[in-house]
Structure formats: C-alpha cells, structure tokens
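In: need the 3D shape of this:
(2 chains)
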Amino acid sequence: MREDSIEREIEIGAPIERVWEVLTRPEHVATWFGTGVPIDIDLRPGGIMTLDHGAFGRYRTRFVEVTPPRVLSYRWAAGFPDQLPDTTNSTLVEFTLAPTATGTTLRVVESGFASFEMPADRERAAGFENHSEGWSDVLQRAAALAEGQVVEPLAGRV
Amino acid sequence: MTVVEDVLGALADPTRRDLLGHIARHGTATATMLADELPISRQGVTQHLALLTSAGLVDSRREGRERRFHVRPDTLLDTSAWLADLAHQWDVRLARIKDLAEAAPPSD
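Out: You can find the predicted model right below:
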C-alpha cells in the first residue's frame, strides 16, 4: 500500500455478482463513471476500457487484475486524454468486493498520485503508515503544525 | 503555482517527510540544525531542501552564512483540499454504483 492513496468504502444491498456487473458492464459504467454513452470494455488483464467524459475527452484505462467477482483494478490516465496509461501518467484504481450477510462491501483505493517510484527497501516514516488516517488529513495536520497550532501526534512520529 | 504531483512526489520520500516534520515542529530550521538531528549528511539535507523548495512546500531566507527554512502551509492545505475533492468524487461514484446495483434486477 502506498501512502499517496485515497480509500473509500460503501455497503451495498445487492449480491456480489450484481455489483461486479455494475462495475464491468459498459451500459452501467457509462452511467456511474462516464456521461451516459456506452463505452468499449475489453475485460481482461492488459485490456483497454475507454471512459467517455464528454467535453473533457476520452480517457483510456488499462486493466491490471480481473478476478470476478472479487477484484478489479486498472490504471487510469486521468490527466491525459487519449493516451494509453503507463506507470508515469496514471493512477491505479483497485476495487475489492466482499460478500456480507446483507449484500456486498465495495472498497475502492486510488493510489500513485506521486508518479515517482519509492525504492522498495526504503523504510517508511511510521507516522504515515497509519492507514486509518487519510492522506489529506495527514497533510492538514502537517499544515496545522507549520502554522504553529497544537496538533495531537500521529501514531509513531509526525 | 505549485503542481500537486510535484508536491506528492516530494512527499513520497520518507526522509523528506521527516525533514518537513522537523522544520514544522521547530518553526524554522537551518540545514545544519537538520543535519545534526537526522541521520542524513549535510549535503543530503541540502538536496532534499532544494526539492521541497521547488515543490513549494518550504521557503527560506538568508540569515548570515546560512538559509533558514520554514514550511509553507498554503501548499499543504491546497494539496489536502485537492485530495479531499478526489475522495468526494469517489463517494459520488460509489453512491451511483450502489443505486444501480440495488435498483436493477439481476440479469441471468
């Protein structure tokens, strides 16, 4: 898990297979992500999905993992219309689906906003490893510290 | 105008986050002070400070033979707001996915 990520989760009152369909079928993706226009989806690792954002352009995503109905991930070149995503121009969007007693928990993690690869052997600062805390909260704390406000320390160190 | 990717790139390195944290807690700090406190060479500190400066995260003024650095909270707050906005966009998309999944009949 990288630190520069957004994590969001929602409880859905529908079976996991149904949620998978909404995530992967063109007519649904066009509704929740695009502008209502059916779009191409080549649903396999390495396959391309085109997201139509109307006047903003067409954006290409490349599937990384397709494991129905549990994991779907793709690289999304959100800032680069019509370019194919690679590790320098895109973020990684990962959907994880888990069945619950009443339906499905859907989790999304978008990561890699800093398009800069951190050496894998590098020890990470402990304060930023607390994943219950969003990245934007961490930045707000740092800003508050810089302004001289009293800030409760994060787990570990700031 | 600071580019958000530059800010996050600068923050992606744990050493630079450490440096930023130390400067924030002291209010201001010189490269010599930071090199004394952290397990980094004076030269390393200088290089990291240059990157933090170009990302708009710190600024400095000359004081005698050294530069004294301070954190720029505006850059941190802008970045934080940008990330919060992206997170909000995901909340909106997840709510639409939920509506679609709960409304439409399962197709077999």
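
In: the strand or helix carrying A:Glu21 packs against which elements?
Out: Counting by DSSP states H and E, the element that carries A:Glu21 is helix A:16-24. Helix A:16-24 is packed against helix A:26-32, strand A:71-76, strand A:91-99, strand A:104-111, helix B:73-103, with contacts defined by 3 or more Cβ pairs under 8 Å, 6 or more residues apart in numbering or on different chains; DSSP states H and E. In this view, the C-beta of every residue, glycine as well, is placed from N, C-alpha and C.

In: averaged pLDDT, that helix. What do you get?
Out: Helix A:16-24 shows a mean pLDDT of 92.

In: could you give the angle of that helix to strand A:71-76?
Out: Using axes from the mean of the first three to the mean of the last three Cα atoms, to 10 degrees, the inter-axis angle of helix A:16-24 relative to strand A:71-76 is 10 degrees.

In: the helix or strand A:Thr50 falls within - contacts with which helices or strands?
Out: In this structure, A:Thr50 sits in strand A:48-52 according to DSSP H and E. Counting contacts by 3+ Cβ pairs under 8 Å, 6+ apart, strand A:48-52 is packed against helix A:26-32, strand A:58-67.

In: B:Thr46 contacts B:Leu34, doesn't it?
Out: No: contact criterion Cβ atoms under 8 Å: B:Thr46 and B:Leu34 do not qualify, at 9.4 Å.

In: give me the more crowded residue out of these two.
Out: Ranked by neighbour count (other Cβ atoms under 10 Å in any protein chain shown), B:Thr46 and B:Leu34 place B:Leu34 first, with 22 against 14.

In: for chain A, what helix or strand is lowest in average pLDDT?
Out: helix A:135-146 (a mean of 60; mean pLDDT, DSSP states H and E).

In: residues near the nearest residue to B:Thr75 once chain neighbours are set aside, how many?
Out: With Cβ to Cβ, 6 or more residues apart in numbering or on different chains as the criterion, B:Thr75 has its nearest non-adjacent residue at 4.4 Å, and that residue is B:Gly56. B:Gly56: 19 surrounding residues under other Cβ under 10 Å.

In: list phi and psi for B:Gly56.
Out: When read as degrees, to the nearest 10, the backbone of B:Gly56 gives phi 80, psi 10.

In: quick one: A:Gly13 and A:Arg25, what's the gap?
Out: Distance, A:Gly13 to A:Arg25, using Cβ to Cβ, to the nearest Å: 19 Å.

In: related to what we said a few turns ago, tilt between the helix holding A:Glu21 and strand A:91-99?
Out: 160 degrees.

In: got the angle for helix A:16-24 vs strand A:104-111?
Out: 30 degrees.
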